[in-house]
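[1] Below: sequence and its predicted model.
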Amino acid sequence: MVGITSAFWDIPGIQSQRSLEFLANLLDPIVVYGKQGQVVYASSSFLSLLRQDIEQVSFFSYFGTGIPLVTLQQLWQEATRGEPIKFFAKVQNSSKTLVCSLHFSRETELMFLIAREFKQRSPTQALMQGYEKILSVLTDHPNLATVLLRPDGLIVRSNSKFHELMAIDPDEQIDIADLSHPEDRLLDRDLRQKLLDNDLQTYTIEKRFISRTNEVVWFNCSVSILHLPEPVDGYHYYFMTILEDITENKKIYSALVRTEGKWKAFVLNSLNLFIQTTSQGQIIYMSPAVERILGYGAEELLDLSITELIHLGDLHKFNLAMDFWQNNLGSDRAGIECRWQTKANNWVYLYIQGQRFPLGLDIDGIVISGYEITQRKRLEAELRSSQEKYRSLILCLPQVGRERIPGCVAKK
């Protein structure tokens with residue numbers, strides 16, 4: 001088995017075949033891929049490690065026999081952004097496992113894959129380390145409350161933000177139902193079942209919690225599921241929840257219903273963004289928070305159509321929501337997530353709700369309230385990435401049966 005050498009190692013002084021082979025043997029097994037994953041160069045040590053000819057080691061073809069194609073595509077895309085990406089892969093027709101590292105060169109537009117044999121740790125140790133890494137991503141966040149729940153509702157792990165908002169002791173064992181408002185305890189039961197059935201990857205819902213100081217705290221709860229191939233404390237799955245405090249937003253809505261004056265006082269001092277539009281969507285008021293969130297002065301966007309700020313990919317659901325709000329068809333819990341353009345031409349995620357002004361206020365149009373959820377969306381993306389890497393780790397551990405992992409089919 002011989003790699004492509006002369007075209008790749010174009011360095012004066014080492015053009016002899018013996019020099020090239022000597023240099024290649026000093027390096028880790030390496031293969032170089034083109035844009036489509038085709039082989040440009042493969043070292044002899046790489047081909048020997050895989051026991052394959054050069055025609056058989058294209059990226060998506062070879063590694064696709066053990067790792068889902070969608071996972072390979074995600075790893076490839078992440079590497080093209082400039083960060084080295086590691087993953088595990090099984091050697092075909094062998095008990096060996098490889099630890100692989102992808103490195104992308106923008107100058108040459110080539111992908112470099114460096115591989116070495118993985119000295120197998122115990123499957124339990126490897127799985128637990130991956131599990132702990134996901135937990136650290138979930139809980140090490142200063143601005144969002146996060147909770148890991150057992151299937152029976154017991155809080156397994158929660159961060160300091162959650163302890164602060166709920167006024168609870170970090171070491172206290174609590175059932176999430178004991179903190180939930182009685183009317184909201186069963187609110188997302190059906191949605192959790194859809195997570196278990198793989199009908200949903202994640203869902204977001206508003207719920208009320210009651211702190212130990214008897215304060216009602218409204219949360220925007222984003223929930224996903226962590227499947228485990230081996231049980232931890234007897235459970236094969238856990239619910240991961242990211243919670244955003246929206247209590248202030250709810251207070252302002254309550255004030256809006258009662259008096260215009262109290263609403264204005266809340267709005268002027270709120271960190272949330274409030275917008276008043278005509279029924280056709282023309283902006284006639286922006287609260288001061290627009291400068292902090294979008295970078296515009298409070299009067300810069302007056303008379304502009306609000307749709308000019310919305311990302312094209314989110315415009316359809318935004319227009320649909322506006323129709324619902326204008327016709328009073330949406331429930332008081334209805335909200336949407338969409339991307340808004342800032343003055344610096346960046347995009348931020350906002351969670352927004354809207355409604356027509358009550359007739360008693362004699363104000364025309366729609367009021368929209370929103371708060372930024374960009375951090376939460378990034379954390380959700382980071383959690384998905386961590387779970388995919390954890391899933392790849394599981395797939396390459398020979399002692400763990402793939403058929404036990406939801407959504408996976410064992411290769412034959």
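    Right, received. Where do you want to start?
[2] Partner strands of the helix or strand Ile114 falls within, with direction?
    Element membership for Ile114 (DSSP states H and E) is strand 110-117. Strand 110-117 pairs in its sheet with strand 30-33 (antiparallel), strand 97-105 (antiparallel), by DSSP bridges.
[3] what's near enough to touch Ser160?
    142, 170 (CB atoms under 8 Å, 6 or more residues apart in numbering). Where you see a C-beta, it was placed from the backbone N, CA and C, and this is true even at glycine.
[4] Show me where this structure dips below the pLDDT cut-off.
    Of all residues in the chain, those with pLDDT under 70 make up the ranges 1-26, 120-135, 137-139, 252-266, 329-334, 357-364, 391-412.
[5] In this structure Gln56 contacts Phe46, no?
    No: assessed by CB atoms under 8 Å, Gln56 is found out of contact with Phe46, at 11.8 Å.
[6] Between these two, which is the more surrounded one?
    Remark: of Gln56 and Phe46, Phe46 carries more neighbours, 26 against 14, as counted by other CB atoms under 10 Å.
[7] Just the CA atoms from the strand or helix carrying the more buried one would do, formatted as PDB, please.
    Per DSSP H and E: Phe46 is located in helix 44-50. Coordinates of each C-alpha in helix 44-50 appear next as PDB, following Å, rounded to 0.1, in the frame of the first residue of the first chain:
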ATOM      1  CA  SER A  44       1.800   4.600   4.300                       C
ATOM      2  CA  SER A  45       1.400   4.400   8.100                       C
ATOM      3  CA  PHE A  46      -2.200   5.600   7.700                       C
ATOM      4  CA  LEU A  47      -3.000   3.000   5.100                       C
ATOM      5  CA  SER A  48      -1.300   0.300   7.200                       C
ATOM      6  CA  LEU A  49      -3.300   1.300  10.300                       C
ATOM      7  CA  LEU A  50      -6.600   1.000   8.400                       C
END
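[8] show me what contacts Glu183?
    Arg208.
[9] Assign a three-state SS to it, would you?
    helix (DSSP: H, G, I helix; E, B strand; the rest coil).
[10] Distance of Arg339 relative to Lys161?
    Arg339 sits 25 Å away from Lys161, taking CB to CB, to the nearest Å as the criterion.
[11] er, Gly297 I mean
    With CB to CB as the criterion, Gly297 and Lys161 are 31 Å apart.
[12] now do Ala89
    For Ala89, the distance to Lys161 - CB to CB - is 38 Å.
[13] what does Ile242 give?
    10 Å.
[14] hey, what's in contact with both of the two?
    Common neighbours of Ile242 and Lys161 (CB under 8 Å, 6+ apart) are 144-146.
[15] Format those residues as JSON lines; extra columns: neighbour count.
    Formatted as JSON lines, the shared contacts of Ile242 and Lys161 follow (neighbours: other CB atoms under 10 Å):
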{"residue": "Leu144", "neighbour count": "19"}
{"residue": "Ala145", "neighbour count": "24"}
{"residue": "Thr146", "neighbour count": "24"}
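[16] now, among those residues, which is nearest to Thr204?
    Leu144 (13.0 Å; CB to CB).
[17] Please state the backbone phi and psi of the closest one?
    phi -120, psi 140 (degrees, to the nearest 10).
[18] what's the single longest helix in the protein?
    Longest helix in the chain, counting residues (DSSP state H): helix 374-395.
[19] Just want the angle from that one to strand 97-105.
    140 degrees (axes from the mean of the first three to the mean of the last three CA atoms, to 10 degrees).
[20] Now do helix 374-395: which elements does it pack against?
    helix 69-80, strand 85-90, helix 123-139, strand 216-232, strand 235-245, strand 347-356 (3 or more CB pairs under 8 Å, 6 or more residues apart in numbering; DSSP states H and E).
[21] buried residues in the shortest one?
    Neighbour-count burial for strand 85-90, with 16 or more other CB atoms under 10 Å as criterion, is recorded at 85, 87-90.
[22] For burial, what's the neighbour tally of Phe59?
    Quick note: Phe59 (other CB under 10 Å) scores 21 neighbours.
[23] okay but it is in contact with Ala115, surely?
    No: using CB under 8 Å, Phe59 makes no contact with Ala115, being 11.6 Å away.
[24] Which parts of the stretch 201-350 of the chain are strands?
    Secondary structure of the stretch 201-350 of the chain (DSSP state E, counting those that start in this stretch): strands at 202-210, 216-232, 235-245, 273-277, 283-286, 336-341, 347-356.
[25] Given the longest one, what are its sheet partners and their directions?
    It refers to strand 216-232. Assessed with DSSP bridges, strand 216-232 is paired to strand 202-210 (antiparallel), strand 235-245 (antiparallel).
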